Every structure is written in C-alpha cells, then in structure tokens.
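Q: Compute the structure for the input listed below.
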Amino acid sequence: MREMKLLLVDDEVDFVKTLAQRLRMRNLKAETAYDGKQALSFAKEQEPDVIVLDLRMPGMDGIEVLRQIKKVYPATQVIILSAHGSERDKEEAKKLGVYDFLKKPVDIETLMYHIREAYKKKTEKTMSAIVFAEEVKFNIDNKVNERGA
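A: Now for the predicted structure:
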C-alpha cells in the first residue's frame, strides 16, 4: 500500500506544526496548510487521502473547504478537528460527507486511530471505483464483441 497523503489544516501555526511533529514521531507524515486557500491549493496539486481540518479559520472556513474538497475529490476523507462547532456545523459537515467531527483537545492516539480508519475508508472507496470501472469496461467490450460477431 502506498504512503498516505495526509494534510493538516489550521490557522494556529504552532498547533499545526506540533501536531505534524507528533504524528511524524508515530510514523505518519503530514503536510500542513494554514488557511482554506492553501488547503485547496495543496488538494489540487496532491489530492490528499485524508484531511484534518479546523472549522474556524479566517477567510474561508472549514465548512467551505470541506464543500469544495468533496465537490472535486469525493473519496478524500475529511476529519473536522475544532475547539468550536455547533450542532448546525456538525449537521452541515455530515451532509457534505465529513468522515468524523472531533473536538479539541484530542488525544494523539485517538486522532491517529481516526486518521487510519479514514484512510482505510478512502482506499476502499478508491478500490470500489476501480472495480466498477473495470466491470463497465468489460461489459462494453462484450457488447462491442457481440455486435461485431
């Protein structure tokens, strides 16, 4: 299995750097972004498997980042990690396809568990899409062969 592409997004720079370092110490490599615009730019270039995303950020909030990510990369799994968040935020995030919604502060082992489970879900979705595409191609090839015979 290839290495997971993990992106941490939070406007609290020290928090993101510390979190990335703690994850690296546990053999999880993470890229960082400090606002929604950087997150979307990274996603466009790298298509991350899992994004850990803050909710409250200046400019573009986490809900808008989630909306735009899911529009282009529906298989990417997003975990909201925020000290804030109303029930309305949680419901909106669920509608948009968030993997999970965790409250800061979170235990690093708990976060790692959720990141790994989200990655499993992403790889399962990707494999399902590949199998489906191969089945469609097989069926089309068979129809073409039937007509040609």
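Q: Pro105 in helix, strand or coil?
A: Following DSSP: H, G, I helix; E, B strand; the rest coil, the label given to Pro105 is coil.
Q: Show the pLDDT at it.
A: Each residue has a pLDDT score; the one for Pro105 is 91.
Q: which residues of the chain score low on pLDDT?
A: Counting by pLDDT under 70, the chain contains low-confidence residues at 1, 125-149.
Q: mind listing the strands for this structure?
A: Along the chain, counting by DSSP state E, strands occupy 6-9, 30-33, 50-53, 77-82, 100-103.
Q: Nearest to Glu124 among the ones you listed would be which one?
A: strand 77-82 (10.3 Å; Cβ to Cβ). (Glycine included, C-beta is placed from N, CA and C.)
Q: Tell me the helices and strands packed up against the closest one.
A: Strand 77-82 is packed against strand 50-53, helix 62-72, strand 100-103, helix 108-148, with contacts defined by 3 or more Cβ pairs under 8 Å, 6 or more residues apart in numbering; DSSP states H and E.
Q: any idea how far it is from the chain center?
A: Here the centre of mass of C-alpha atoms in strand 77-82, compared against the chain's by Cα atoms, centre = their mean, to the nearest Å, lies 8 Å away.
Q: Just want the angle from it to helix 62-72.
A: Per axes from the mean of the first three to the mean of the last three Cα atoms, to 10 degrees, the angle that strand 77-82 makes with helix 62-72 is 180 degrees.
Q: May I see the buried residues of strand 77-82?
A: Gln77, Val78, Ile79, Ile80, Leu81, Ser82 (16 or more other Cβ atoms under 10 Å).
Q: Cheers, nothing more for now.
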